[in-house]
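Colleague: The following comprises the amino acid sequence and a computationally predicted model.
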Amino acid sequence: MATVHPTMITFIIPAHNEARLIAQTLASLHAAARDVNEPYEIIVVDDASTDTTSAVAMRHGSRVVQVNHRQIAAARNAGAGHAQGSLLVFVDADTKIPGAVLDAAVDAVRAGAVGGGARARFDGHVPLYGRALAWLWLRLQRLFRLASGCFIFCTRQAFQAVGGFDETLYAAEDVVMSRRLQHLGKFVIVQEMVVTSGRAVRSHSGLEALRLLAGFILHGPGFFKTRHGPWYDQRRDDPDPAP
């Protein structure tokens, strides 16, 4: 078991074939951590990548944990198992975190929150259906205080108390985690926004998105107990990749 540092922040990044984008994410985390002036570490959980994800991560100052789950909840939990920090910050490999977001998250925890998340906006051009989904999610997020998986944070104590992310789910684990943490204590969605890749909505059709949304509405998170949709399909090329 990892030795716990009482003031350290641990960033945990689940990654599968993310060599193209992860360097930008890591650079943003180093800059954000310098802004808050707290000790930190970055753990990249390389989940069965076949590209140079691990090499890129190590070149950019990360500790790499190798797993073969092909499941995002299990990858997140594996990273937490190696964490030394008392504050766990889970970040997607294609998401840039401004210093103001991390600062707000740290302030929230110091004020007594057990965890929280941030609002997000997509990079680059996003099709109309993607903009509509983003609009809907932001309102649901505000109404129900739900964190997006691209940025969710919690204290180590809270993470252990709720048993980590639900490994029976292949998606929507962030929604379930948000609800579990809310039952434990104060859960905060900070006002500052992260920037996440819009590749999922650019690379998939509105019909595919509608099918996933309908499944979630009809069946709840249980709809994702198998590998549905774009998260686990063979990734298509992003037609409008951000620089």
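Modeller: The structure has been received and is ready for your questions. All values reported here derive from a predicted model rather than from experimental measurement.
Colleague: Contacts for the helix or strand harbouring Val109 next, please.
Modeller: Following DSSP states H and E, one finds Val109 within helix 99-110. Under the contact criterion Cβ atoms under 8 Å, 6 or more residues apart in numbering, helix 99-110 has outside partners 9, 31-36, 38, 87, 89, 115-116, 118, 151, 153, 155, 186, 188, 190-194. No exception for glycine: its C-beta is placed from N, CA and C like everyone else's.
Colleague: Emit the PyMOL select command for whichever of those residues are buried.
Modeller: Selecting only the buried entries of the contacts of helix 99-110 in PyMOL, with 16 or more other Cβ atoms under 10 Å as the criterion:
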select buried, resi 9+32+33+36+38+87+89+115+116+118+151+153+155+188+190+192+194
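Colleague: In helices, which of the contacts of helix 99-110 appear?
Modeller: Judged by DSSP state H, the contacts of helix 99-110 include 31-36 as members of helices.
Colleague: now those as JSON lines including distance to Leu133?
Modeller: Shown next, in JSON lines, are these (distance: Cβ to Cβ, whole Å):
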{"residue": "Ala31", "distance to Leu133": "29"}
{"residue": "Ala32", "distance to Leu133": "27"}
{"residue": "Ala33", "distance to Leu133": "31"}
{"residue": "Arg34", "distance to Leu133": "34"}
{"residue": "Asp35", "distance to Leu133": "31"}
{"residue": "Val36", "distance to Leu133": "31"}
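Colleague: Max pairwise distance over those: which two?
Modeller: Ala31 and Val36 (10.4 Å; Cβ to Cβ).
Colleague: can you give me the helices in the protein?
Modeller: Using DSSP H, the helices of the chain run over 22-36, 53-59, 72-81, 99-110, 128-144, 156-162, 173-184, 199-202, 206-219.
Colleague: As a markdown table, those helices with mean pLDDT and distance to Asp47 would be great.
Modeller: Shown next, in a markdown table, are these (pLDDT from 0 to 100; distance: least, Cβ to Cβ, whole Å):
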| stretch | mean pLDDT | distance to Asp47 |
| --- | --- | --- |
| helix 22-36 | 97 | 12 |
| helix 53-59 | 98 | 9 |
| helix 72-81 | 97 | 4 |
| helix 99-110 | 97 | 24 |
| helix 128-144 | 76 | 25 |
| helix 156-162 | 98 | 19 |
| helix 173-184 | 95 | 14 |
| helix 199-202 | 74 | 17 |
| helix 206-219 | 70 | 21 |
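Colleague: Go through these and name the closest to Val45.
Modeller: Using Cβ to Cβ, the nearest of the helices of the chain to Val45 is helix 72-81, at 4.3 Å.
Colleague: and that closest one, what other elements does it pack with?
Modeller: strand 5-15, strand 40-47, strand 63-67, strand 85-91, helix 173-184 (3 or more Cβ pairs under 8 Å, 6 or more residues apart in numbering; DSSP states H and E).
Colleague: how many degrees apart are the first one and strand 63-67 in direction?
Modeller: Following axes from the mean of the first three to the mean of the last three Cα atoms, to 10 degrees, one obtains 50 degrees for the angle between strand 5-15 and strand 63-67.
Colleague: Over to the longest one?
Modeller: Helix 173-184 runs at 110 degrees relative to strand 63-67, counting by the same axes, to 10 degrees.
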